[in-house]
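Novice: quick check, what structure comes out for this input:
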Amino acid sequence: MKNYLLYIAIAFTLVNCQQKEDVANLEKPTNQIVIGQIDSVYSNILDESRNIWVHIPESAKNSTSNNIKYPVLYLLDGPGHFYSVTGMIKQLSTTNGNTIVPEMIIVAIPNTDRSRDLTPSHVDFDFFSGDSIQYSSGGGNKFLDFMEDELIPHIEKTYPVSSYRTFVGHSFGGLSVINALISRQHLFNNYVAIDPSLWWDNQAFLKVADSILSVNKFDGKALYVGVANTMDEGMIIKEVRNDTTKSTAHIRSILQFVNSIDTQNDNGLLFGWKYYNDDDHGSVPLITEYDAFRFLFAWYTVVGINRFFDPNSNTSAEGLIDLLSSHYKNVSDRFGYQVLPPEQFINSMGYGFMNNSMLDKASALFDLNIQNYPKSSNVYDSRGDCFLAQQDSIKALEYFTKALEVGSNDFSQEKIDMLKEKLLEE
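Specialist: Sure, this is the predicted structure:
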């Protein structure tokens with residue numbers, strides 16, 4: 001069957017270029033592409049000032065509504081992962097018409113004393129060498145206090161975020177993520193632990209985590225774990241479980257952890273994990289994050305749209321709106337607050353139907369956007385385009401005019417001038 005969703009992607013590209021024209025003009029004087037901003041929080045708990053890197057979706061910057069809130073993603077080892085994660089979320093949430101994951105505000109946390117902040121207990125001797133440790137450790141719970149009592153309240157006061165939170169960390173950061181899961185499950189909805197250092201403290205923390213996960217309930221929480229190939233060269237994963245050398249302690253600890261969770265079917269935790277044979281400890285974050293986001297938000301994508309583009313299917317505009325209403329009610333229930341169908345997604349899909357001469361479905365979608373985003377100039381301009389496709393110049397002129405009444409743009413006036421000239425000629 002022809003993939004009718006291709007039309008959505010094409011239409012989205014055209015509409016997105018149109019909508020972002022003002023933003024592009026603002027960026028030209030500085031000749032820069034900006035993906036985030038630096039903020040800071042003074043922590044009384046840590047007795048230091050902490051910088052944070054914040055990415056805000058373009059739709060938040062251009063929104064005419066003060067009611068739109070975004071899920072928020074907290075990212076440890078911030079500078080190391082900020083660029084890739086912001087690009088990935090943008091790609092999966094809006095680029096080419098994608099709605100695989102929601103748009104998110106991303107809060108990346110640079111380190112000041114990484115080993116101190118991301119380890120849950122103090123140790124004096126290195127697990128692998130037996131030598132005295134020359135770095136600080138054991139401040140993990142204090143760091144989580146900082147996140148809970150200072151950082152998160154600051155973010156919620158300053159940015160349009162919701163209370164739906166995802167926590168992502170790699171290595172020691174993955175250890176911190178699991179510590180947050182077992183000790184503060186109220187704090188986040190989703191946890192992503194990338195090749196976590198569960199060998200820490202001679203696996204003492206691993207034993208505690210296994211115990212808590214076996215007796216406590218984690219309903220409504222989700223965890224995804226990525227496991228890198230850190231085995232000795234020539235070793236296969238089947239051999240690791242029976243190995244006793246310290247060189248495999250890292251991967252053995254993680255495998256013990258994930259296998260233990262796999263056997264616990266009644267703790268309510270939504271759990272997924274994957275072993276990445278072709279990735280080592282340094283390369284595994286990118287692919288783990290991609291798989292994790294798709295796993296955690298598998299319920300976010302609208303399923304069933306494609307059949308509405310099939311001219312031979314028995315589908316209606318009313319059925320299309322019912323599908324969208326049902327889907328976003330489910331999304332709202334998951335997030336715990338009302339989520340409207342994204343304006344750009346609905347708009348691009350409307351153009352897809354319009355370009356396939358399915359004008360009743362296009363009209364229904366453009367009307368839905370007007371209902372949901374009445375302060376957006378673009379939704380009225382798009383409805384005017386649909387009236388033009390229906391050869392109703394009078395209604396088109398009415399909606400182009402309405403678009404300019406609601407807000408300025410660079411395209412409605414040209415259409416008004418063209419239509420007035422055409423009506424005079426008639």
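
Novice: which stretches of the stretch 101-250 of the chain form helices?
Specialist: Counting by DSSP state H, counting those that start in this stretch, the segments of the stretch 101-250 of the chain that form helices are 114-118, 140-146, 152-158, 172-183, 204-215, 237-240, 249-262.

Novice: least reliable of the ones you listed going by mean pLDDT?
Specialist: Note on the helices of the stretch 101-250 of the chain: helix 237-240 shows the lowest mean pLDDT, a mean of 88.

Novice: quick one, strands of the stretch 251-400 of the chain?
Specialist: For the stretch 251-400 of the chain, the strands defined by DSSP state E, counting those that start in this stretch occupy 270-276.

Novice: can you say which of the helices of the stretch 101-250 of the chain is packed in most?
Specialist: With neighbours taken as mean count of other Cβ atoms under 10 Å, those reach their highest mean count in helix 172-183, at a mean of 24. Heads up, the C-betas are built off the backbone N, CA and C, glycines and all.

Novice: quick one, what contacts Glu48?
Specialist: Shown here is Glu48, whose contacts under the criterion Cβ atoms under 8 Å, 6 or more residues apart in numbering are 42, 112.

Novice: which strand residues bridge it?
Specialist: Using DSSP bridges, the beta-bridge partners of Glu48 come out as Ser43.

Novice: same check, this time on the one 4 residues further on
Specialist: According to DSSP bridges, the residues that bridge with Ile52 are Asp39.

Novice: for Leu419, which of the helices of the stretch 101-250 of the chain is the nearest?
Specialist: Smallest distance to Leu419 across the helices of the stretch 101-250 of the chain (Cβ to Cβ): 44.2 Å, for helix 152-158.

Novice: which elements pack onto the closest one?
Specialist: strand 37-43, strand 161-170 (3 or more Cβ pairs under 8 Å, 6 or more residues apart in numbering; DSSP states H and E).

Novice: return the most buried member of those.
Specialist: strand 161-170 (a mean of 23).

Novice: returning to that earlier point: redo the helices and strands packed on helix 152-158 as JSON lines? Include distance to Gly78.
Specialist: Output for the helices and strands packed on helix 152-158, formatted as JSON lines (distance: least, Cβ to Cβ, whole Å):
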{"stretch": "strand 37-43", "distance to Gly78": "10"}
{"stretch": "strand 161-170", "distance to Gly78": "10"}
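
Novice: any chance of those strands in a markdown table with mean pLDDT and distance to Asn229 as columns?
Specialist: Listed next are the helices and strands packed on helix 152-158 as a markdown table, based on pLDDT from 0 to 100; distance: least, Cβ to Cβ, whole Å:
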| stretch | mean pLDDT | distance to Asn229 |
| --- | --- | --- |
| strand 37-43 | 98 | 35 |
| strand 161-170 | 97 | 15 |
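
Novice: list just the one of those that sits closest to Gln390.
Specialist: Taking Cβ to Cβ, strand 161-170 is the member of those nearest to Gln390, at 38.2 Å.

Novice: how does the chain divide into domains?
Specialist: If you go by automatic domain parsing, the domain ranges for the chain are 35-296, 306-425.

Novice: can you put the helices of the stretch 101-250 of the chain in CSV and add distance to Val284?
Specialist: Converted to CSV, these look like this (distance: least, Cβ to Cβ, whole Å):
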stretch, distance to Val284
helix 114-118, 17
helix 140-146, 22
helix 152-158, 27
helix 172-183, 10
helix 204-215, 19
helix 237-240, 14
helix 249-262, 11
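
Novice: of all the ones you listed, which one is nearest Leu359?
Specialist: Of the helices of the stretch 101-250 of the chain, the one closest to Leu359 (Cβ to Cβ) turns out to be helix 152-158, at 43.1 Å.

Novice: distance from that closest one to the middle of the chain?
Specialist: On the basis of Cα atoms, centre = their mean, to the nearest Å, helix 152-158 sits 18 Å off its chain's mean C-alpha point.

Novice: so what touches it?
Specialist: Counting contacts by Cβ under 8 Å, 6+ apart, the residues outside helix 152-158 that touch it are 39, 41, 54, 72, 74, 105, 107, 161, 163, 165, 187.

Novice: mind putting those into a markdown table with distance to Asn216?
Specialist: Shown next, in a markdown table, are the contacts of helix 152-158 (distance: Cβ to Cβ, whole Å):
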| residue | distance to Asn216 |
| --- | --- |
| Asp39 | 34 |
| Val41 | 30 |
| Val54 | 32 |
| Val72 | 25 |
| Tyr74 | 22 |
| Ile105 | 29 |
| Val107 | 27 |
| Val161 | 27 |
| Ser163 | 21 |
| Arg165 | 19 |
| Leu187 | 14 |
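
Novice: now, which of those sits nearest Tyr351?
Specialist: Ile105 (27.7 Å).

Novice: ok, that closest one to Leu92 distance?
Specialist: Applying Cβ to Cβ, to the nearest Å, the value for Ile105 to Leu92 is 15 Å.

Novice: on that earlier part again, Tyr337 is nearest to which of the helices of the stretch 101-250 of the chain?
Specialist: When the helices of the stretch 101-250 of the chain are compared (using Cβ to Cβ), the closest one is helix 152-158, at 13.0 Å.

Novice: for the stretch 301-426 of the chain, which segments count as helices?
Specialist: Using DSSP H, counting those that start in this stretch, helices in the stretch 301-426 of the chain cover 317-335, 343-355, 359-372, 377-389, 393-406, 412-425.

Novice: for the longest one, buried residues please.
Specialist: Using 16 or more other Cβ atoms under 10 Å as the burial criterion, the residues of helix 317-335 that qualify are 317, 319-321, 323-324, 327-328, 331, 334-335.

Novice: ok, now the third one?
Specialist: Of the residues in helix 359-372, those buried by neighbour count under the rule 16+ other Cβ under 10 Å are 359, 361-370, 372.
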